[in-house]
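[1] need coordinates for the following:
(one chain, ligands or ions: 2)
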Amino acid sequence: MKYYDQHIHSAISDDCETPMAEMALAAADLGLSGVTFTDHCDIEHYETGKIDPDCYDGPARRTVYEDAREIAEGRTEVLFGIEIGSANHHPDVAARIAADGFDLVIASVHNLAGLPDFYSLGRDGRLEDEAEDVRLLERYAIEHLELVAQGGFDVIGHIGYPLRYMENSCPGLSLEPFRDIFAEALRLMTEKGIALEFNTSCFRQGMVCTPEPWLLRLYKDLGGELVTLGSDSHEPTLIGAGFDEGADMLRSVGFSRITRFINRKPEFVGL
Ligand SMILES: [Zn+2]
Ligand SMILES: [Zn+2]
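    Numbering: from 1, shown residues only. Ligands and ions are numbered 1, 2, ... in the order given. Predicted structure coming up:
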């Protein structure tokens, strides 16, 4: 199949060191049909949970992107996206950023209101109490419902993200106890034409799938048709990683095509 990796990062993101042009050339060398750069814009800082005024510099991003696109021209298609965090805590800021001429806007819940990113919580040993983790997962489910009701983006990224940081200290946790809340969110997504991302980083990191298979199946059963594949790669060698397994997973749930976004419009590609 033709692979379009619609969730990758470059040095624009704090947690990636590889320049965008280098990532684009690596994607071409790996034979990908296309990539969409979705560098972070977490409106609240990942360590403090407080609003981060430096999270977005539109013109600088655009310049770096245009260079990368030009360098890879004719070898792989390079598109321009963004991964916005904390969008449901700051709807007006998120709407302003999302309107800045992207091909694809991913909204991801990396942190809950008033808390730092789940990555930081895990690093600081704050996810070791199972009962507390379950309470956080319920809040995580509710924030998805808020986010989807708000809308204004194309894809929800890596549902299940907190489980990555909980599974060492509290193995076996799942979002399934909050199935009803997610069912409502997924139903709204189908109504609004919001796509569900299958984030293939779980395969290379040996972690719980994001989303878990039951949630993919639920979206399909509710009439959801829009699914994207993204590696969430922060390194050139990992672009497109796990796509064979991801495609198998999507087929096993009943999807026969994936979606890619150009100029924020969905197009289907056979799986
Ligand atoms: Zn993310
Ligand atoms: Zn990401």
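
[2] all contacts plus neighbour counts: C-alpha atoms, from now on.
    OK.

[3] so which residues make contact with stretch 10-21?
    Residues from elsewhere that reach stretch 10-21 (Cα atoms under 8 Å, 6 or more residues apart in numbering): 9, 23, 37, 39-41, 61, 64-65, 67-69, 71-72, 234-236.

[4] mind checking which of those are in strands?
    37, 39-41 (DSSP state E).

[5] ok, so of the residues you listed, who is nearest residue 208?
    Minimum distance to residue 208 across the ones in strands among the contacts of stretch 10-21 is 22.1 Å, recorded for residue 40 (Cα to Cα).

[6] where does the residue nearest to that closest one when sequence neighbours are not counted sit: helix, strand or coil?
    Leaving aside its chain neighbours, residue 40 sits nearest to residue 83 (4.9 Å; criterion: Cα to Cα, 6 or more residues apart in numbering). When classified by DSSP: H, G, I helix; E, B strand; the rest coil, residue 83 comes out as strand.

[7] now the ones in strands among the contacts of stretch 10-21 in JSON lines, with distance to residue 221?
    JSON lines is the format used below for the ones in strands among the contacts of stretch 10-21 (distance: Cα to Cα, whole Å):
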{"residue": "37", "distance to residue 221": "30"}
{"residue": "39", "distance to residue 221": "31"}
{"residue": "40", "distance to residue 221": "31"}
{"residue": "41", "distance to residue 221": "32"}
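
[8] in helices, which of the contacts of stretch 10-21 appear?
    23, 61, 64-65, 67-69, 71-72 (DSSP state H).

[9] now the helices for the protein?
    20-29, 58-72, 91-98, 118-123, 130-150, 161-166, 179-192, 201-205, 213-221, 243-253.

[10] possible to save those as TSV with mean pLDDT, distance to residue 109 and mean neighbour count?
    Conversion of the helices of the chain to TSV gives the following (pLDDT from 0 to 100; distance: least, Cα to Cα, whole Å; neighbours: other Cα atoms under 10 Å):
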stretch	mean pLDDT	distance to residue 109	mean neighbour count
helix 20-29	98	24	22
helix 58-72	97	21	15
helix 91-98	96	13	16
helix 118-123	96	9	18
helix 130-150	98	7	17
helix 161-166	96	8	23
helix 179-192	98	13	18
helix 201-205	88	16	17
helix 213-221	98	16	19
helix 243-253	96	21	17
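
[11] distance to residue 13 added to those helices, as TSV?
    Output for these, formatted as TSV (distance: least, Cα to Cα, whole Å):
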stretch	distance to residue 13
helix 20-29	10
helix 58-72	10
helix 91-98	16
helix 118-123	15
helix 130-150	22
helix 161-166	18
helix 179-192	27
helix 201-205	17
helix 213-221	28
helix 243-253	22
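
[12] which among those helices is found nearest to residue 263?
    Closest approach to residue 263 among those (Cα to Cα): helix 91-98, 11.7 Å.

[13] next, the angle helix 58-72 makes with the closest one.
    Here helix 91-98 runs at an angle of 30 degrees relative to helix 58-72 (axes from the mean of the first three to the mean of the last three Cα atoms, to 10 degrees).

[14] who's in contact with the residue nearest to residue 40?
    Contacts of residue 83 (Cα under 8 Å, 6+ apart): 38-42, 105-108, 157.

[15] show the buried residues in those residues.
    38-42, 105-108, 157 (16 or more other Cα atoms under 10 Å).

[16] as JSON lines, those residues with pLDDT and distance to residue 141 would be great.
    Formatted as JSON lines, the buried ones among the contacts of residue 83 follow (pLDDT from 0 to 100; distance: Cα to Cα, whole Å):
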{"residue": "38", "pLDDT": "98", "distance to residue 141": "23"}
{"residue": "39", "pLDDT": "97", "distance to residue 141": "24"}
{"residue": "40", "pLDDT": "96", "distance to residue 141": "21"}
{"residue": "41", "pLDDT": "96", "distance to residue 141": "21"}
{"residue": "42", "pLDDT": "95", "distance to residue 141": "19"}
{"residue": "105", "pLDDT": "98", "distance to residue 141": "20"}
{"residue": "106", "pLDDT": "98", "distance to residue 141": "17"}
{"residue": "107", "pLDDT": "98", "distance to residue 141": "14"}
{"residue": "108", "pLDDT": "98", "distance to residue 141": "12"}
{"residue": "157", "pLDDT": "98", "distance to residue 141": "13"}
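
[17] no more questions from me, cheers.
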